[in-house]
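> quick one, structure for this:
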Amino acid sequence: MMSNFSRNIKLLTAGRVISSIGFSSTIPFLAVYLSVERNVSLIVVGAMYLVQGIAGILSMTLSGFVSDKIGPRRTMLIGYLFSLLSSLILAFLVYFNINPLIIIITYPVFSFLRGFSITPTATLAADEKTDVITNFSLLVMAGNLGFAIGPAIGGFVVSLADYAALFFLNSVFTLASAVLAVLTMEGTYHLAREKEKAKPDIAIATFLLLTFLGFIVIGQDIEPFAIYSSKVIHVSNLIIGYLFSFSGAMIVAMQIPAMTVLRRYGIYACLIIGCTLGALASVVIAAATNELHLLIGMAIITLAEIFLTVPSQVWITLRSPGSRKGAYQGYYSSIRTSGRSAAAWLGSTMMGIFVYPHNSWYVVSMISLLTGIAFLYHERLFAKKANST
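Numbers count the residues shown, from 1 in each chain. Take a look at the predicted model:
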């Protein structure tokens, strides 16, 4: 299958797998480390992810404009190198049990620097003269293949060693991704003399807002899910790792059928399906009492992610100006990352505030339903506007 893709797509796919293995081995367990091992308040942990979301907005957006200026390959390489450095610093802080406040301050910086490697990857995929649905689906499959492997490795490493080893491991995988970035070919779109308008119109801005809400819903499947599983349902780190690995493997297995649905029924149908599944998953997780219930909830919210991620990115890509591919991929990447970070803040904060933590999932379910209705309205409004021009 890979023989049908360009050299760049193969390298980008391999880089996405490797970097995702390293990063996903750390993210579920940092929240557990801070809240369980260091007794940090869930509200403080949530605030850390809120700041991370703000850093993500700045990073993803800025890296998109930098990609338009100096090229996505160079920008991607800068991101990997800075991410390597920050991962080593976090490993040092955790290993020597430095004040958790320092870790809380440092982690958003790590996320900001790592963000410079994400948008350029999508920009290079968008610049390929091939089908963008296939390109983005392949990157999603690659990222989630890494995510299927990473958390299982993370849970195993934590069980045998310590949390600091996760960040040392991540630095090794980041270095390998940087090597692959060196081997990619630079995009040429950024060499255009005349740069088109980078400011999104009202239809695109509204779509980005709805996508942000969608990622708040499906973003509950990482840090809030890990905290809920550990502190409320009382499952082990090893089981949590297996649940995340199951999610990643499921996305890899279901991406091709989802592509078929996308091609046959269109972008908005997939988005509405995703929001409906997100609402259902939240209710299932709220009612969970054991690992099996969590597995079912994770399966449903994973399907929701499948039907939201690629369709929304394809929508943005099809409407991005030719010389502003980096900027528009930056808008999308910042929305995706900040939505997930806001999800971590919202989920953690609600669980810390509510007397019954499971009520937080019912709030998320309502957000998902309302977002699905809004997507339906947006489709009708946008189609009406298109037909009148």
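> name the element the nearest residue to Ser365 once chain neighbours are set aside belongs to?
Leaving aside its sequence neighbours, Ser365 sits nearest to Ser282 (Cβ to Cβ, 6 or more residues apart in numbering; 3.8 Å). Just so you know, the C-beta spots here come from the backbone N, C-alpha and C atoms, and that holds for glycine as well. Assigned by DSSP states H and E, Ser282 belongs to helix 267-286.
> OK, contacts around Val66?
Neighbouring residues of Val66 by Cβ atoms under 8 Å, 6 or more residues apart in numbering: 75, 116, 326.
> ok, the residue nearest to the second one when sequence neighbours are not counted - how many residues close by?
This means Phe116. Nearest non-adjacent residue to Phe116, counting by Cβ to Cβ, 6+ apart: Gly79, 2.9 Å away. Applying other Cβ atoms under 10 Å, we find 28 residues neighbouring Gly79.
> so what's Gly79 up against?
Contacts of Gly79 (Cβ under 8 Å, 6+ apart): 63, 113-118, 120.
> can you check Leu124 too?
Residues near Leu124 by Cβ under 8 Å, 6+ apart: 8, 12, 72-73, 76, 184, 187.
> state the number of residues packed around the residue nearest to Gly187 when sequence neighbours are not counted.
Distance criterion Cβ to Cβ, 6+ apart; nearest residue to Gly187, sequence neighbours excluded, is Asp127 at 4.3 Å. Other residues near Asp127 come to 22 when the count uses other Cβ under 10 Å.
> pretty sure Pro357 contacts Met351?
Yes - taking contacts as Cβ atoms under 8 Å, Pro357 lies within contact range of Met351: 4.1 Å.
> need the overlap of contacts for those two.
The contact sets of Pro357 and Met351 overlap at 228, 231-232 (Cβ under 8 Å, 6+ apart).
> are any of those residues buried, and which?
Listed as buried from the shared contacts of Pro357 and Met351 are Tyr228; burial here means 16 or more other Cβ atoms under 10 Å.
> pretty sure Val182 contacts Tyr80?
No - using Cβ under 8 Å, Val182 is not in contact with Tyr80; the gap is 9.3 Å.
> who's more crowded, those two?
Tyr80 (24 against 11).
> how about the more buried one, nearest residue that isn't a chain neighbour?
Closest to Tyr80 by Cβ to Cβ, 6+ apart is Ala178, at 3.8 Å.
> is that neighbour in a helix, a strand, or coil?
Of the three states, Ala178 takes helix under DSSP: H, G, I helix; E, B strand; the rest coil.
> now it: how far from Thr211?
29 Å (Cβ to Cβ, to the nearest Å).
> which of the two has more residues huddled nearby?
Thr211 (25 against 21).
> residues contacting the more buried one?
Contacts of Thr211 (Cβ under 8 Å, 6+ apart): 308, 312, 332, 335-336, 339.
> now, these that are in helices?
Those of the contacts of Thr211 mapping onto helices are 308, 312, 332, 335-336, 339, per DSSP state H.
> and which of the residues you listed is nearest to Asp68?
Asp68 lies nearest to Tyr332 out of those, by Cβ to Cβ, at 14.2 Å.
> just how off-centre is the helix or strand where Leu208 lies within its chain?
According to DSSP H and E, Leu208 maps onto helix 202-218. Offset of helix 202-218 from its chain centre (Cα atoms, centre = their mean, to the nearest Å): 14 Å.
> contacts for the helix or strand just after it?
The helix or strand immediately downstream of helix 202-218 is helix 223-227, counting by DSSP H and E. Contacts with helix 223-227, where a contact means Cβ under 8 Å, 6+ apart, come from 27-32, 35, 42, 45, 49, 240, 243-244, 285, 294, 298, 343-344, 346-348, 351, 360.
> about what we covered before: can you pick the most crowded of the contacts of Gly79?
Within those, most neighbours by other Cβ under 10 Å means Pro120, with 32 neighbours.
> just the pLDDT at it, thanks.
We have a pLDDT of 91 for Pro120.
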